[in-house]
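In: Output the structure for:
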Amino acid sequence: MTTLSVSPALSRQDSASNPVPRPSPGNSIVWLIGERSLKAVGGVGIGIAIARLLGPDDYGRYGAAIGLATLAKELVMLGIDRLIRRDLARHPEKTGALVGTSVTVAMGVAFFVAFMLSALALTTIADPLTRRLTLVVVWMALPQAFFSAELWFESTCNTRPLVWARNLVWGASIIARGCMVWRGNSVFSFAVFALVEWAVTYAVVWTLFKKLSHPIQLSFSREQAAGWAREGWPALVMVVIGATADRIMVVLVQHLATSQEAGYLNAALRITEIWWSLSAIVASILLPRLVTILRDHEEDFPAASQTYADLSFLIGLAAALGVSLLAPVLIPLLFGPVYAPSALVLVILFWAGPAIYPGVARSQLFVLHRRLHFDLPMVLSIATSLLALVFLLVPRYGAIGAAVAMCASQWIGIYGVALLFPSLRLASHSQWRAFSAPLRLPRVLAGIPLLIRSAPAAAESADDSTDK
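Out: Residues are numbered from 1 along each chain as shown. You can find the predicted model right below:
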């Protein structure tokens, strides 16, 4: 049986007698998907209003800057967020050391990343307005350093207070942005507001974490940081390479084509990234559940992991088919006729979903079995093929070429590379079998209760966890 553990050198001073509540994973998924659905409606709605106000050129500049800000936030997490979430679920009695170590390391990384991206913007971005926007939003890296507070809520499946807190800030920001659109504010003011909103969000989340996790005492463990570094170095490499290739797409389109084409791509990505992020939300909740199944009911684990892979493929496929039918009508209706070219861009991007969703599911299994390095060939091939296709297609086809590059690179990296390496091909058995999920739909649906039923309420002691 696979042993899941964190560094034994971690301090045991966190109270093991204060068990973390374990609500149903299904309830947590409902809360997080409900939050994402609400933000999809409200966020896309206000995004459309901003896009109409700014026009494709300035909206492209704004998208380029936000893309680099998103890169900064992902680099701060070092790619080890899955390891932290797993360890929080497996060892709740060590929460203080896990969260304290994460925040300390992430804050140092955040300052480094913000300064480096600022220097990069000053030296490489030719457009003055895009450069100014970037110099503001990359500092979103600093509040991102407190991301482990969110992971604590997810690992305990206690996401209801987290959702309420985040949406309180988000709702106020939607009203404020609506007022900014009504007043006709400049693109620079929207960049400044994005930074303020992100800082306030994490201030509220951290305050809530401190209140609900009491009496947990935060501490720093050099041994734990070293343990994450030893296990998580493939994730760090993947973030640096993969996230960089993804997040600079709008910048590349602006550089290789025009700001207008970048605006078309940014409008489509506004919708696509919300949908793609649902795979990470579901994964963040199911990872603790899979830990429990593997630990306590190992005989059920193959069926549970196959159901997860099947559902991932079916969801991605259904969304791609739906968007293919609706996008040509919805995009001009929502964004306006000037954004009509974004419809085909959106359709192409959504066909990456049947690869991305099962790919995220497979990555969770790699984390469980401490095979994070198995993801490295996938990420390297995605980044390499993406950049190659971008430089080949974007100068000629603009935003459509970028969409083709992004979609094709996902299929190449997630499925194509798995065919080349026997170990990856074997480890991807559930993903290959998921292609037949539409033919096994009743059986797939029957397996859902195994994935989402409640986990045990009581936390185990550190000694019992290690023995298992």
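In: Would you map the helices across the stretch 301-450 of the chain?
Out: Secondary structure of the stretch 301-450 of the chain (DSSP state H, counting those that start in this stretch): helices at 301-335, 342-350, 353-368, 375-411, 417-420, 422-427, 429-433, 441-446, 448-452.
In: For Val169, which of those helices is the nearest?
Out: helix 301-335 (24.9 Å; C-beta to C-beta). Placement of C-beta: from N, CA and C, glycine included.
In: Redo the helices of the stretch 301-450 of the chain as TSV? Include mean pLDDT and distance to Ala97.
Out: Shown next, in TSV, are the helices of the stretch 301-450 of the chain (pLDDT from 0 to 100; distance: least, C-beta to C-beta, whole Å):
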stretch	mean pLDDT	distance to Ala97
helix 301-335	87	28
helix 342-350	91	41
helix 353-368	82	20
helix 375-411	89	26
helix 417-420	84	36
helix 422-427	78	31
helix 429-433	87	34
helix 441-446	88	40
helix 448-452	78	30
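In: As a markdown table, the ones you listed with mean neighbour count and distance to Ser102 would be great.
Out: Compiled in a markdown table, the helices of the stretch 301-450 of the chain are given as follows (neighbours: other C-beta atoms under 10 Å; distance: least, C-beta to C-beta, whole Å):
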| stretch | mean neighbour count | distance to Ser102 |
| --- | --- | --- |
| helix 301-335 | 19 | 26 |
| helix 342-350 | 24 | 32 |
| helix 353-368 | 24 | 16 |
| helix 375-411 | 21 | 20 |
| helix 417-420 | 16 | 30 |
| helix 422-427 | 13 | 28 |
| helix 429-433 | 17 | 30 |
| helix 441-446 | 12 | 36 |
| helix 448-452 | 16 | 27 |
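In: Of the ones you listed, which is nearest Gln217?
Out: helix 353-368 (27.3 Å).
In: So for Ala203, which of the helices of the stretch 301-450 of the chain sits nearest?
Out: Once these are compared by C-beta to C-beta, helix 353-368 is nearest, at 29.2 Å.
In: Specify the angle between the closest one and helix 301-335 in degrees.
Out: 140 degrees (axes from the mean of the first three to the mean of the last three C-alpha atoms, to 10 degrees).
In: Which strands or helices does helix 353-368 pack on?
Out: In terms of contacts (3 or more C-beta pairs under 8 Å, 6 or more residues apart in numbering; DSSP states H and E), helix 353-368 is packed against helix 81-90, helix 259-296, helix 301-335, helix 375-411, helix 422-427, helix 429-433.
In: Is it possible to get these out as CSV so that each row also shows distance to Arg440?
Out: As requested, the helices and strands packed on helix 353-368 are exported to CSV (distance: least, C-beta to C-beta, whole Å):
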stretch, distance to Arg440
helix 81-90, 28
helix 259-296, 20
helix 301-335, 7
helix 375-411, 22
helix 422-427, 21
helix 429-433, 9
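In: looking at these, which is closest to Gly67?
Out: Using C-beta to C-beta, the nearest of these to Gly67 is helix 259-296, at 8.2 Å.
In: could the helices of the stretch 301-450 of the chain be laid out in CSV, adding distance to Trp170?
Out: Converted to CSV, the helices of the stretch 301-450 of the chain look like this (distance: least, C-beta to C-beta, whole Å):
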stretch, distance to Trp170
helix 301-335, 20
helix 342-350, 23
helix 353-368, 24
helix 375-411, 27
helix 417-420, 37
helix 422-427, 38
helix 429-433, 34
helix 441-446, 33
helix 448-452, 26
